[in-house]
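# Model the following, please.
(2 chains)
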Protein chains: 2
Amino acid sequence: MNVRYILKSRPSGRFSPETFERVQDDLPPLADGQARVKVAYVSLDPAMRGWVSPDTKSYLPPVAIGDTMRSLGIGIVEDSRTDAYSTGDWVTGFTGWTERLDVAPGQLTVVPPTVSMEDYMGVFGLAGATAYHGLVKVGEPKAGETLCVTGAAGSVGSLVGQIGKALGLRVIGIAGTPEKCRWLVDDLGFDAALNYRTDDLDAGLAAFAPDGIDLHFENVGGKPFAAALRHMKAHGRMVMCGFISVYNGDRPDEYPDMTAIIRRRLSLKGFVMTDHFDTYPAIFAELGKLIAAGKLTYRLDVVDGLDQAPVAINKLFEGTNTGKLVVKVVDA
Amino acid sequence: MNVRYILKSRPSGRFSPETFERVQDDLPPLADGQARVKVAYVSLDPAMRGWVSPDTKSYLPPVAIGDTMRSLGIGIVEDSRTDAYSTGDWVTGFTGWTERLDVAPGQLTVVPPTVSMEDYMGVFGLAGATAYHGLVKVGEPKAGETLCVTGAAGSVGSLVGQIGKALGLRVIGIAGTPEKCRWLVDDLGFDAALNYRTDDLDAGLAAFAPDGIDLHFENVGGKPFAAALRHMKAHGRMVMCGFISVYNGDRPDEYPDMTAIIRRRLSLKGFVMTDHFDTYPAIFAELGKLIAAGKLTYRLDVVDGLDQAPVAINKLFEGTNTGKLVVKVVDA
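The predicted model follows:
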């Protein structure tokens, strides 16, 4: 018997108990040309809120009602009837919220078991690829520049700041609790951290970036984004990665003064990492060097069991997760 | 006796009678190394609202209280005590709201009297330079693409659309009256025009740009900008030239859903033309070819006399000007 969660209805705001339905059914006998995967971990990501919205013009088609909920994950091949996968292979990609799934060649990517599955979820997965590609390829940082990152204690933001430090940038993080801010400065080496709930962001940014922000990495939207816009240097660049504060359809807590884009001659670039799966191996090689040099730290927030996923995913939108949020599905 | 208008106080919303003060005084005898210019026309531009705001981080320092109001203009050298200018030269640049001014070498640019002063104000000035540079250099248009321009009947927007047509683009204009929309389609050759006050912009954009907008040129902000964002094609580009709807400090009539920047992987680039004075000669040569080929039409809205300027400038923010708004200062 396999357990999985399907999309039962589209949420109007946050994910609710009515959004998903637990389904328990038998997998059919493994077909020729396929492999059976036991899922070890699935990743809970802010982007998943967009995947269940009905916007057919988005970068991925919406998850259909009745389909297994889409998610990234990592697992082990239990049985194979294709040369593309061997029993014991570690495989990653869109596993979905399921304990087991049968896959065709090319559907998941085989990864070498040179690091732990936890490392794959924390760094060598969507979070690490997004942080590296967004900062380095989209943002084109130069040593000595001042980088500001929002959602700085999140899975992507915390890596962005650390990669920025490794590249010789001054890094300011904006996060949502004193504990997160301390972690950024004391453990991750950020130059400064501001708490957007309690600090005066204008005073803080004026103090830590008196000449303005050269490069900004946006994960949140709303108030921290509006503040960053006010402190951009002329000709500054803004990497637009996430707007988690409004993914549930909430109105932003503050609207930005977009005339700054013109007055300061800014460039803003949006990107989504599912466009760039082909670049992951090269990115992970670079991240591996940083890990080996002791320059990347991450935290995993592990939720135990697929049955916790439908509730735990809202931690992302409440800001209550501490580190990359993942679900441990089946013991690997 | 010379008449000029100085900035008396900073407006909180629109320009008001208290914003400016009429000053009548004698010019000193012309100093050695300077030339005296009689101002024929000054240009009224949306950017002037920003120039009187106290934002010291903007692309130009604010006009100081008590200084002659800053504006672009064109005039004729009446007397010269420098080799840089000869009596009878046509000169353009920041003349300000004054009948006459004394200038040093380099302060204004000598232009050949090969076209009329009206052509300089309508096409071969800030409007033409902004339209050409913004569309061609910032937007990098490709023949066959779909271009959307807001403020389409304005001095910049009307040229953007016509240059776009000359480059082989499909062009949709968004303007604010039925008369303006008719002018865009019937006289300027736009493929379609939408009235943002009365038309359903989503239905119109879906009809005229069913595959989405490749390239957008923003002059207005608010509702038309929000609509364009909803209809951008994946990887589309947005040239951010103006946000006239909020220059007076009004709140936008609609806030854009900025998550589209991420979902559609858009790039937005702000620019201001006062950064690029060195490119004007090359741009005007290109515009001259389009004029000669009969591919550029413009309208001037001429206000007679400097005394009308303080009130007439608000036509820009009311959308009641018909064509490039200029003030005829002294008969040339």
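
# neighbours around residue A:26, how many?
7 (other CB atoms under 10 Å in any protein chain shown). Yep, even glycine has a C-beta here, placed from its N, CA and C like the rest.

# Now the residue of the stretch 51-200 of chain A found nearest chain B. Nearest residue, chain neighbours left out?
Of all residues in the stretch 51-200 of chain A, the one sitting closest to chain B is residue A:58 (4.8 Å; CB to the nearest CB). Distances taken as CB to CB, 6 or more residues apart in numbering or on different chains put residue B:263 closest to residue A:58, at 4.8 Å, once the chain neighbours are dropped.

# Test my guess that the one you found contacts residue A:274.
No: the pair residue B:263 and residue A:274 does not pass the contact test of CB atoms under 8 Å, sitting 11.1 Å apart.

# Pull up the overlap in contacts between these two.
Common contacts of residue B:263 and residue A:274 (CB atoms under 8 Å, 6 or more residues apart in numbering or on different chains): residue A:59.

# So these two - more neighbours on which side?
residue B:263 (22 against 15).

# Up against chain B, what does chain A have?
Neighbours of chain B within chain A, by CB under 8 Å from any CB of the partner chain: A:50, A:55, A:57-59, A:212, A:221, A:234, A:240-243, A:246-247, A:252, A:255-259, A:261-272, A:275.

# Emit the PyMOL select command for whichever of these are buried.
Of those, the buried ones can be selected in PyMOL as follows, counting by 16 or more other CB atoms under 10 Å in any protein chain shown:
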select buried, chain A and resi 50+58+59+212+221+234+240+241+242+243+246+247+252+255+256+258+259+261+262+263+264+265+266+267+268+269+270+271+272
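
# what are the ranges of the helices in the stretch 201-332 of chain A?
A:201-208, A:223-230, A:259-263, A:280-292, A:309-312, A:315-318 (DSSP state H, counting those that start in this stretch).

# tell me the domain boundaries of chain A?
Annotated domains of chain A cover A:2-122+A:299-328, A:126-274 [automatic domain parsing].

# Mind putting the ones you listed into JSON lines with distance to residue B:66?
Formatted as JSON lines, those follow (distance: least, CB to CB, whole Å):
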{"stretch": "domain A:2-122+A:299-328", "distance to residue B:66": "50"}
{"stretch": "domain A:126-274", "distance to residue B:66": "24"}
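
# hey, which of these is tucked in deepest?
Most buried of the domains of chain A, by mean neighbour count (mean count of other CB atoms under 10 Å in any protein chain shown): domain A:126-274, with a mean of 21.

# pLDDT below threshold where in chain A?
A:56 (pLDDT under 70).

# and if we set it to 80?
A:55-58, A:247-250, A:332 (pLDDT under 80).

# Geometrically speaking, which residue is the centre of it?
Nearest residue to the geometric centre of chain A (CA atoms, centre = their mean): residue A:127, 4.2 Å.

# wait, doesn't that one sit right on residue A:155?
Yes: between residue A:127 and residue A:155 there is a contact at 4.0 Å, judged by CB under 8 Å.

# shared neighbours, those two?
Joint contacts of residue A:127 and residue A:155 (CB under 8 Å, 6+ apart) are A:45, A:298, A:324.

# now, which of those sits nearest residue B:164?
Among the shared contacts of residue A:127 and residue A:155, residue A:45 lies closest to residue B:164 (CB to CB), at 39.1 Å.

# doesn't that closest one fall inside a strand?
No: using DSSP: H, G, I helix; E, B strand; the rest coil, the secondary structure at residue A:45 is coil, not a strand.

# Thanks a lot, catch you later.
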